[in-house]
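Undergrad: Need the 3D shape of this:
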Amino acid sequence: MLEFEFVHVGRPGDEKKQSTKIRRHVMKDIGRSRRKPKMCSKRTAAKPAPAKSAPSSESEQRSEPVLVPSPLDESRLRSIVFPTDMDEKRRNLARYLFAEACSSYVPFLFPWLSIGIVDAAACTVRLQNLKLGKGNPKFDTDTEAMKLYTLSLQSVSERLADPSERGNEGLLAAITGIICYDEFVSNFFKKTATGNFSRQTIHLQGLKQLIDDIGGINTIMNPMLRLIVSWYDLTGAAYRNTLPLFEVPKGSITEIDTTTNDSIYFKMLLGSWDRNCPYLGDIQSALLATAAAASYVNTRCRNANFWKEDTTAARLIIPALHAVLSLEGRVLPNDPSDPTFSGIVAREAFRRSSLIFLASLKVKFGVASAELNRHLKDFQEISRIPYVDWAVVPELNLWAHAIAALEAESDQRSWHVSVIVEMMEGAGFTSSQQAMDVVRGIIWIEALFVGKVEWLCRDLDSLLASRMAQRSSVMPIDPQFDESVGLLRPQGPRMG
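TA: Below is the predicted model of the structure:
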């Protein structure tokens, strides 16, 4: 939860005296929360195997069998033998589950079907999650949901005490189901989100110990379980702003054609950013991973069913999100004149804007994104740190504020609009279309912001026109100014 600290100033200009206090408050937890944990000497890690090619569809990329029953195959559904006792209430829940799969798109429903029908505890916790998902549930008053949850915990506890069970994939699936429940409740009950994400962390750390004991996440045979484990690791890490626990699982979409037109301008800018602000350093790899995911979406999203391909979403977002979250925190110098000062602040701000972009992509696929508002607030606080020279990478700064403005609530959006207009004036832009041309050339998915771009452009053009009118009203009327209109433009770093 964000902590606010108020700084009182007596007159304009006094805020500079408080700059060190402001910087420390905003950046104090970033480096500490993102340090790499100490490596255990007994830990064995398996390296991820990159994909050999970039198939054109989800079905072409499945190199392993997926054990998901089709909800349209009625005869097969009737013959399913569930791994746990099924009374009438539970059978009704199971019927609802398959009926839901037939009638509507529910993200990750099929992966959970393939995981839940092979283990009793995993099946029970899945039914419990489903019980909570129907209607408007309240966990503390739903005795059936509490009973299912308790049975799952009892099964997991008993099996953890048995050394022969600790590497069982059914046990791993059951713990992952409990982690799924923690995230579901965090998204459903906003008031308890922090507490449930804290509990999710404990379960994830225990799951990591079990998976490390069998050789790492890529030793898991069930491809859907591998995917789901990584997904909840990264969604939890994105909310907490911490490093991932697991490596990128095999089967993820990592080889993507980035020679398309939407990547050319961005790659041209990377070289100039590296020269002008070398302290951004490793963020370029994370930005390239995010841009690759955007490029993949742009070449496929015209298909109406694309946004319902949940496993494709996970396999695509996981590598990009992993790259962004794997960037370690850096300590901010106390002296703003330190040559690394602006680069460190800018690196963290642009890392947060990448997380905002990927969170927006998750939402487009119908997946809840609890971290979105958190990173929007943190990005704004970081962007307000004084004495940062944002002009060294003006294009990326414009992109970051535009992405934040498109996703921010109305009470926060106006500040981003003001900052963008200041950058437009410095670049000599006369319309929002020029600014959006720069934004679209960096990392962009048009389908994410349908309807939002129009009102952002209206706000930008309106504020820009208002400022121009104010300046013209105080200028002296002199014919010589008509001959040198160019001298009236605000001077500053140019873009593009």
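
Undergrad: Report the buried residues of stretch 239-257.
TA: Neighbour counts over stretch 239-257 (16 or more other C-beta atoms under 10 Å) mark 239-254, 256 as buried. All C-beta atoms are positioned from the backbone trio N, CA, C, and that covers glycine.

Undergrad: Show me what the lengthiest helix in the chain is packed against.
TA: Of all segments of type helix in the chain, defined using DSSP state H, the longest is helix 341-364. Applying 3 or more C-beta pairs under 8 Å, 6 or more residues apart in numbering; DSSP states H and E, one finds that helix 341-364 contacts helix 223-240, helix 283-298, helix 310-325, helix 372-383, helix 394-407.

Undergrad: In JSON lines, list those helices along with mean pLDDT.
TA: Below are the helices and strands packed on helix 341-364 laid out as JSON lines (pLDDT from 0 to 100):
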{"stretch": "helix 223-240", "mean pLDDT": "93"}
{"stretch": "helix 283-298", "mean pLDDT": "93"}
{"stretch": "helix 310-325", "mean pLDDT": "96"}
{"stretch": "helix 372-383", "mean pLDDT": "95"}
{"stretch": "helix 394-407", "mean pLDDT": "96"}
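
Undergrad: Quick one, which of these gets closest to residue 421.
TA: helix 394-407 (10.1 Å; C-beta to C-beta).

Undergrad: The closest one: which residues count as buried?
TA: So for helix 394-407, counting by 16+ other C-beta under 10 Å, buried means 394-407.

Undergrad: Looking at those residues, which is nearest residue 380?
TA: For these, the minimum distance to residue 380 (C-beta to C-beta) is 7.1 Å, reached by residue 404.

Undergrad: Does residue 200 touch residue 179 like I think?
TA: Yes - with contact defined as C-beta atoms under 8 Å, residue 200 reaches residue 179; the gap is 5.5 Å.

Undergrad: what do those two both touch?
TA: Common neighbours of residue 200 and residue 179, using C-beta atoms under 8 Å, 6 or more residues apart in numbering, are 232, 236.

Undergrad: Show me the domain layout of this structure.
TA: 64-240, 256-488 (automatic domain parsing).

Undergrad: can you tell me which of those domains the model trusts least?
TA: Lowest mean pLDDT of the domains of the chain: domain 64-240, a mean of 70.

Undergrad: who's in contact with residue 175?
TA: Taking C-beta under 8 Å, 6+ apart, we find residue 175 in contact with 156, 203, 206, 207, 210.

Undergrad: can you check residue 208 too?
TA: 245, 246.

Undergrad: and it, how far is that from residue 171?
TA: Using C-beta to C-beta, to the nearest Å, residue 208 is found at 14 Å from residue 171.

Undergrad: Kindly report the same for residue 427.
TA: Computed as C-beta to C-beta, the residue 427 to residue 171 distance reads 57 Å.

Undergrad: Would you confirm that residue 341 contacts residue 388?
TA: Yes - using C-beta under 8 Å, residue 341 is in contact with residue 388, at 7.2 Å.

Undergrad: any residues in contact with both of the two?
TA: With C-beta under 8 Å, 6+ apart as the test, residue 341 and residue 388 reach no residue in common.

Undergrad: Start from the N-terminal end of the stretch 101-250 of the chain and give the strands.
TA: Counting by DSSP state E, counting those that start in this stretch, the stretch 101-250 of the chain yields no residue ranges for strands.

Undergrad: Many thanks, have a good one.
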